[in-house]
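Enquirer: what follows is a protein structure lacking sequence information:
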Ligand SMILES: [Zn+2]
């Protein structure tokens, strides 16, 4: 039986290929085991130099429709969130993700292939405890009609997510997921989605070039255009919860706390991480209670919040 507290990596290399949702490019990724405290590092193997990009919120260069990370030499990889969510859910901390193009394959629009691939390949427990922190006081952020807060909860991460869509089918879906639960299948199999009437707008902005009914739920008024409909009743909000844990992996920590969010999304999640770490730095240890055996947590908190650094 593996301990939840120790860092983990994948047992053997694992490969995926497919199309990128937004750029439409085909890409291959190879997830390789990595040593303790590596974190998740992307390696753009189609780029000769300066091709490593650490999956950290400080490296987020865009959170419009997907999460894109960029290193200091302007080498980037986009739509990292569903792959990162699969690492969150399977407990993976340290891997190198080789990629031969600019965007992670969207697969079926969820994290299903990634999570199942990791479980089938196997997970190795490492010798160092996970980088974890407990928040001691509630912290929140409001941007327009969007809201997120994080409050103390010693026992892992709980996410209470509420959508607020004018569309009748998506509507006001709400779900509460405790990531200590073993059964997270409804979260990791939930697909990305969009409204039919937004597709042209999104494409005009240069996004969704690889989008199709094979990798996204499309809702047109009161109808779901995908054959077979939804995979679970709360698929829309469950996908947003998946996005949130993928983005939260960019903190570099496992955050113990209860998240409550209304209308959350990539931009709100990343802005919240910036605020969270900013307040931790300003107020020193007020917000952070390092877990037992986990030294140097305060010192490891990033001391710069430059976006696109
Ligand atoms: Zn997503």
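Expert: Structure received. None of these values were measured; they are calculated from a predicted model.

Enquirer: any idea whether residue 42 is helix, strand or coil?
Expert: Per DSSP: H, G, I helix; E, B strand; the rest coil, the secondary structure class of residue 42 is strand.

Enquirer: just name whatever secondary elements the longest helix seen in the chain is in contact with.
Expert: Longest helix in the chain, counting residues (DSSP state H): helix 266-282. Counting contacts by 3 or more CB pairs under 8 Å, 6 or more residues apart in numbering; DSSP states H and E, helix 266-282 is packed against strand 139-143, strand 146-151, helix 235-248. Where C-beta positions appear, they are placed from N, C-alpha and C, glycine not excepted.

Enquirer: hey, which of these is tucked in deepest?
Expert: Most buried of these by mean neighbour count (mean count of other CB atoms under 10 Å) is helix 235-248; its value is a mean of 26.

Enquirer: ok, the residue found closest to residue 66 once you drop the neighbours it is linked to in the chain - contacts?
Expert: Leaving aside its sequence neighbours, residue 66 sits nearest to residue 79 (CB to CB, 6 or more residues apart in numbering; 4.2 Å). Listed by CB atoms under 8 Å, 6 or more residues apart in numbering, the contact partners of residue 79 are 20-22, 66-68, 103-104, 106.

Enquirer: if we use 10 Å, what do you get?
Expert: Shown in contact with residue 79 (CB atoms under 10 Å, 6 or more residues apart in numbering): 20-23, 27, 65-68, 102-106, 192, 210, 246.

Enquirer: roughly how far does it sit from the ion?
Expert: Residue 79 sits 8 Å away from the ion, going by CB to the ion, to the nearest Å.

Enquirer: on that earlier part again, for the helices and strands packed on helix 266-282, give me a markdown table that also has mean pLDDT.
Expert: Putting the helices and strands packed on helix 266-282 into a markdown table (pLDDT from 0 to 100) gives the following:
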| stretch | mean pLDDT |
| --- | --- |
| strand 139-143 | 95 |
| strand 146-151 | 96 |
| helix 235-248 | 97 |
